[in-house]
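> would you be able to build a 3D model of this:
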Amino acid sequence: MSGKRFRFGTSMAVLCILALSACSPQFRNHGYVPNDEDLALITVGVDTRASVEEAVGAPAMSGVITDTATYYVQSRVRRFAWQEPEVVERQVLAISYDSAGVVTNIERFGLEDGQVVPISRRITGTSGTNESIIRRLIGSIGGFRASDFLE
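Sure thing, here's the model as predicted:
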């Protein structure tokens with residue numbers, strides 16, 4: 001009898017440990033931001049877009065409307081059990097350029113500096129209906145008449 005209690009108690013302890021370890025937060029890192037030592041290699045008013053990329057690497061993105069800046073973005077996301085993933089840390093490094101491509105400014109922003117910007121997705125629909133190709137093919141099978149095949 002005591003052997004069964006021991007196995008039951010051990011099984012319950014292992015089960016509790018597994019349940020608690022499954023609820024620990026998981027962190028994922030995304031992106032890249034150059035460190036301060038690499039940024040010290042860039043001189044405002046002297047370096048160009050090409051020399052910046054050579055010194056610190058290619059940026060994550062460039063200016064959307066005009067090509068006057070490059071952005072390096074790094075995020076740390078926490079996922080905990082059933083909850084939505086949460087961004088717990090974000091750094092954005094913005095390097096601005098003039099019309100000749102020379103560095104004019106280097107700025108670093110954190111998550112506390114940001115604002116929530118709603119993203120609007122614009123999807124252009126296809127002409128006609130939203131039927132799949134298979135549905136169109138099957139639908140066209142019924143469009144034939146016997147007189148179409150007979151002379």
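
> average pLDDT for the strand or helix carrying residue 95?
Counting by DSSP states H and E, the element that carries residue 95 is strand 86-97. Strand 86-97 comes out with an average pLDDT of 87.

> now do the helices in the chain.
Taking DSSP state H as the test, the helices found in the chain are 2-22, 36-39, 49-56, 133-141, 146-149.

> show me what the strand holding residue 95 is packed up against.
strand 69-79, strand 103-110 (3 or more CB pairs under 8 Å, 6 or more residues apart in numbering; DSSP states H and E). To be clear about C-beta, it is placed using only N, CA and C from the backbone, and glycine gets the same treatment.

> so what strands line up beside that strand?
Partner strands and pairing direction for strand 86-97 (DSSP bridges) are strand 69-79 (antiparallel), strand 103-110 (antiparallel).

> now do that strand against helix 49-56, angle only.
The directions of strand 86-97 and helix 49-56 differ by 140 degrees, with axes from the mean of the first three to the mean of the last three CA atoms, to 10 degrees as the criterion.

> wait, isn't residue 28 in contact with residue 86?
No: counting by CB atoms under 8 Å, residue 28 stays clear of residue 86, with 11.2 Å between them.

> now do the shared contacts for those two.
Common neighbours of residue 28 and residue 86, using CB atoms under 8 Å, 6 or more residues apart in numbering, are 77, 79.

> looking at the strands paired with strand 86-97, which is nearest to residue 53?
Closest of these to residue 53 is strand 69-79, at 8.2 Å (criterion: CB to CB).

> can I get that closest one in CSV, CA atoms only?
Taking C-alpha atoms only, strand 69-79 is exported to CSV below (Å, rounded to 0.1, in the frame of the first residue of the first chain):
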residue,chain,number,x,y,z
ALA,A,69,15.8,57.8,-43.7
THR,A,70,16.7,54.2,-42.7
TYR,A,71,15.3,52.4,-39.7
TYR,A,72,16.7,49.6,-37.6
VAL,A,73,14.1,47.9,-35.4
GLN,A,74,14.5,45.4,-32.6
SER,A,75,11.7,44.0,-30.5
ARG,A,76,11.4,41.6,-27.5
VAL,A,77,8.0,39.8,-27.3
ARG,A,78,6.7,38.0,-24.3
ARG,A,79,4.3,35.1,-24.7
